[in-house]
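Q: 3D, please:
(one chain, ligands or ions: 1)
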Amino acid sequence: MYRTHTCGELRLSHQGITVTLSGWIQRSRDLGGMTFIDLRDRYGITQLVFNMDTDSALCNEARRLGREFVIEATGTVNERSNKNPKMPTGDVEIQVTSMRVLNESQTPPFTIEDESDGGDELRMKYRYLDLRRNPLKNNLLLRHRMAFETRNYLDSQNFIEVETPVLIKSTPEGARDFVVPSRVNPGQFYALPQSPQTFKQLLMVAGYDRYMQIVKCFRDEDLRADRQPEFTQIDCEMAFVHQDDILNVFEGMIRHLFKAVKGIEINEPFPRITYAEAMERYGSDKPDIRFGMEIKNLGDKLKGKGFSVFDDAEYIGALVAQGCSEYTRKQIDELTDFVKKPQIGAKGLIYIRLANDGSVKSSVDKFYSAEELSGALSATGASQGDLVLVLAGNKTSTLKALNSLRLEMGNRLGLCSKDAYKPLWVVDFPLLEWNEEEKRFYAMHHPFTSPKAEDAQYLESDPARVRANAYDCVINGVEVGGGSIRIHDVTLQKRMFTAIGFTAEEAQRQFGFLLGAFRYGAPPHGGIAFGFDRLVSIFAGEDSIRDVIAFPKNNSARDVMADCPSEISDLQLKELSIRVALKE
Ligand code: ASP
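A: Presented below is the predicted three-dimensional model:
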């Protein structure tokens, strides 16, 4: 070993002993008679001291070392005269008696400190240097702990981890597949799994009634904010269970992770609300319930009084911003501009102030009497001192805009504390989603999701009304996991394929293996997958999943460190029987 201790380990109790440490030079300070070096490794930083009086040759040598040199230093642990209470090792320093340079380093392109001066792209290019910084290191340690505790918990619940293949037959789950050409089967391709969905279902048919896997998934999606083309799931499946059994087991897993990793007890049961309710109350299927401010439907209070904006609207919804009745014209204008942004899409914002003295003032005073406005206010539950914000229009888009406005107000009013964690389940999603462009239904979750027993009868006659046994786990407005009870009956599975526009032949060609398996005693089963990167980023308090992935891709799906994707040689192409059609 190149060391007796780590750079994070030594305390006053080690005083007087001789130790050897190895690590990277964080910085060095030359104070004439003495040279100090902060030596860093994964575990921390320890101060090394070189003394001109006792060993001038060694001290001179130390002065020549640059940042990020790798050295091995031996010396005695001494109490520091000038202690640093901010460092765990801050009570001691090492009086170095011998030292060896293990490797030199070029000057790094950015400072390797908690706050770096390097821009995003530069730090991505030198990710191995960025990973030396504490914030990233702590995120990776957290990630490891969470993976470990996930396995721990699921193992205690009788789950076994089974690896599933990475080269598979394409299974549509809503995104495009990454494909891999087969050299030995010219003209044929594998796909990388968007998730191990069909495999975990086959494992249920095979009798492995509790499966889990921390697994890479690949989706060739257009790059929306904070997506990665490859990401990690905690993927799980269970047999002989109802929806409640699954929710209970995984509520337990989330609770276990908070307790074991962050020391946070979440005692209350996770609320379970239906998709329909979530949309009505929050305008979102992933509501942030750290704060209330629920949407109130004011249709029957404000329609029919001659104000055409409201009279013509399919839906009128309101939010109560508590204590905001004194908002200035400028603040209201800002909110109006906010809701009118193209991505939010409202046409305008109407407000009603309920001042502290009980007086009411609104932007629609001339259309409504004081009583009518009071009636609307009481329907919202507003109190004196509150400001009511009203949007109107088409129901779906107005609810969506109200969701954005609610989140904006939550942030402005400081209601979204990073230290508060409010998980919930959203259940009873619609089974199918209409695609207006293609004029066809898609599976909202995936084609293996089972309809609710009482709704299955409408699969052909009124597909849009069919609800699914599908659920999402949401924490602080972020969807962290989703799953469903599966179809385990061939006939129903075939009806589902038909509902999403597959011919019998197509279904057989793509999913023949699954339909075949269902003929050999498929047990009732269901499962869930959690987005592991997302879950870690929530635990880490990071906004981007990139910060919890060791080697992420950038916004254009590129690995800027290795410069990939990249072209392959003509020989490789030839071997794969591939010709590139598009050449610059
Ligand atoms: N395979 C699904 C997904 O990746 C999760 C599940 O239904 O278990 O979203």
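
Q: by contact count, what packs against the longest helix along the chain?
A: If you go by DSSP state H, the chain has its longest helix at helix 134-156. Packing partners of helix 134-156 (3 or more CB pairs under 8 Å, 6 or more residues apart in numbering; DSSP states H and E): strand 210-218, helix 243-262, helix 532-540. C-beta here means a position set from N, CA and C on the backbone, and glycine is covered the same way.

Q: list the helices and strands the next helix or strand along the chain from the first one packs on?
A: Beyond strand 210-218 on the C-terminal side, the first helix or strand identified by DSSP states H and E is strand 230-239. Contacting strand 230-239 under the criterion 3+ CB pairs under 8 Å, 6+ apart are the following elements: helix 197-205, strand 210-218, helix 243-262, strand 525-531, helix 532-540.

Q: Show me which residues of the chain are close to the ligand?
A: 173, 195, 197, 446, 482-484, 527-529 (CB under 6 Å from any ligand atom).

Q: For the stretch 301-450 of the chain, just list every one of the helices.
A: Counting by DSSP state H, counting those that start in this stretch, the stretch 301-450 of the chain has helices at residues 308-311, 329-340, 370-380, 395-412.

Q: which outside residues touch the longest one?
A: So the one you mean is helix 395-412. Residues from elsewhere that reach helix 395-412 (CB atoms under 8 Å, 6 or more residues apart in numbering): 279-280, 282-284, 287-288, 290-291, 293, 295, 313-317, 319, 321, 324, 335, 338-339, 344-346, 349, 389, 391-393, 415-416, 477.

Q: ok, now the second one?
A: Contacts made with helix 329-340 from outside it, assessed by CB under 8 Å, 6+ apart, are listed as 344, 346-349, 351, 389, 391, 401, 404-405, 408-409.

Q: again, only this time at 10 Å
A: 321, 324, 327-328, 344-351, 353, 363, 387, 389, 391, 401-402, 404-405, 408-409, 412 (CB atoms under 10 Å, 6 or more residues apart in numbering).

Q: Quick one: buried ones out of those?
A: Neighbour counting by 16 or more other CB atoms under 10 Å classes 321, 324, 327, 344, 346, 349-351, 353, 387, 389, 391, 401-402, 404-405, 408-409 among the contacts of helix 329-340 as buried.

Q: Any regions of the stretch 351-500 of the chain where pLDDT drops low?
A: For the stretch 351-500 of the chain, no stretch has pLDDT under 70.

Q: in it, what residue is nearest the ligand?
A: Of the residues in the stretch 351-500 of the chain, the one nearest the ligand is residue 483, at a distance of 3.9 Å by CB to the nearest ligand atom.

Q: May I have the secondary structure class of that residue?
A: On the three-state scheme (DSSP: H, G, I helix; E, B strand; the rest coil), residue 483 is labelled strand.

Q: From residue 245, how far off is it?
A: 12 Å (CB to CB, to the nearest Å).

Q: Of the two, which one has the most company?
A: More crowded of residue 483 and residue 245, by other CB atoms under 10 Å: residue 483, with 27 against 13.

Q: What is the burial count for the closest residue to the more buried one other than its chain neighbours?
A: If the residues on either side of it in the chain are set aside, residue 483 comes closest to residue 528, at 3.0 Å by CB to CB, 6 or more residues apart in numbering. Applying other CB under 10 Å, we find 23 residues neighbouring residue 528.

Q: Same question for residue 42.
A: Neighbourhood size, residue 42 [other CB under 10 Å]: 12.

Q: surely residue 90 meets residue 8?
A: No. Contact status for residue 90 versus residue 8: not in contact, 11.3 Å apart, counting by CB atoms under 10 Å.

Q: Overlap in contacts, those two.
A: Shared contacts of residue 90 and residue 8 (CB under 10 Å, 6+ apart): 44-46.

Q: Including neighbour count, secondary structure and distance to residue 513, could those residues go into CSV?
A: Formatted as CSV, those follow (neighbours: other CB atoms under 10 Å; DSSP: H, G, I helix; E, B strand; the rest coil; distance: CB to CB, whole Å):
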residue, neighbour count, secondary structure, distance to residue 513
44, 18, strand, 52
45, 21, strand, 55
46, 29, strand, 58
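
Q: Could I get the contacting residues of the residue in the stretch 1-150 of the chain that the ligand sits nearest to?
A: Taking CB to the nearest ligand atom, the ligand has its nearest neighbour within the stretch 1-150 of the chain at residue 150, 15.0 Å off. Neighbouring residues of residue 150 by CB under 10 Å, 6+ apart: 159, 212, 214, 234, 236, 253-254, 256-257, 260-261, 530, 532, 535.

Q: rerun that using 7 Å as the cut-off
A: By CB atoms under 7 Å, 6 or more residues apart in numbering, the contact set of residue 150 is 214, 234, 253, 257.

Q: Over to residue 547?
A: For residue 547, the contact set (CB under 7 Å, 6+ apart) comprises 136, 139, 537, 540.

Q: And for residue 63?
A: So residue 63 contacts 30, 35 (CB under 7 Å, 6+ apart).

Q: Which per-residue confidence value corresponds to residue 170?
A: With respect to pLDDT, residue 170 scores 76.

Q: before we move on, the earlier item: closest to residue 306 out of the contacts of residue 547?
A: residue 537 (49.9 Å; CB to CB).

Q: Distance check, the closest one against residue 544.
A: 7 Å.

Q: Neighbour count for those two, which is higher?
A: Neighbour totals were compared for residue 537 and residue 544, and residue 537 leads with 24 against 14 (other CB under 10 Å).

Q: pLDDT value on that one, please?
A: For residue 537, pLDDT reads 97.

Q: Go ahead and confirm it touches residue 548.
A: Yes. The criterion here is CB atoms under 7 Å, and residue 537 meets it with residue 548 at 5.0 Å.

Q: phi, psi of residue 277?
A: phi -70, psi -40 (degrees, to the nearest 10).

Q: sorry, that was for residue 292
A: According to degrees, to the nearest 10, residue 292 has phi -80, psi -100.

Q: what's the neighbour count on it?
A: So residue 292, with other CB under 10 Å, has 12 neighbours.

Q: By residue count, what's the longest strand in this structure?
A: In the chain, assigned by DSSP state E, the strand with the most residues is strand 18-31.

Q: partners of that one, with directions?
A: strand 34-41 (antiparallel), strand 70-79 (antiparallel) (DSSP bridges).

Q: Need the winner for burial among the ones you listed.
A: The highest mean neighbour count among the strands paired with strand 18-31, using mean count of other CB atoms under 10 Å, belongs to strand 34-41: a mean of 20.

Q: What is the distance between that strand and the centre of its chain?
A: Distance of strand 34-41 from its chain centroid, counting by CA atoms, centre = their mean, to the nearest Å, is 38 Å.

Q: what is the mean pLDDT for it?
A: 97.

Q: what angle do that strand and helix 134-156 make?
A: Going by axes from the mean of the first three to the mean of the last three CA atoms, to 10 degrees, strand 34-41 is angled at 30 degrees with respect to helix 134-156.
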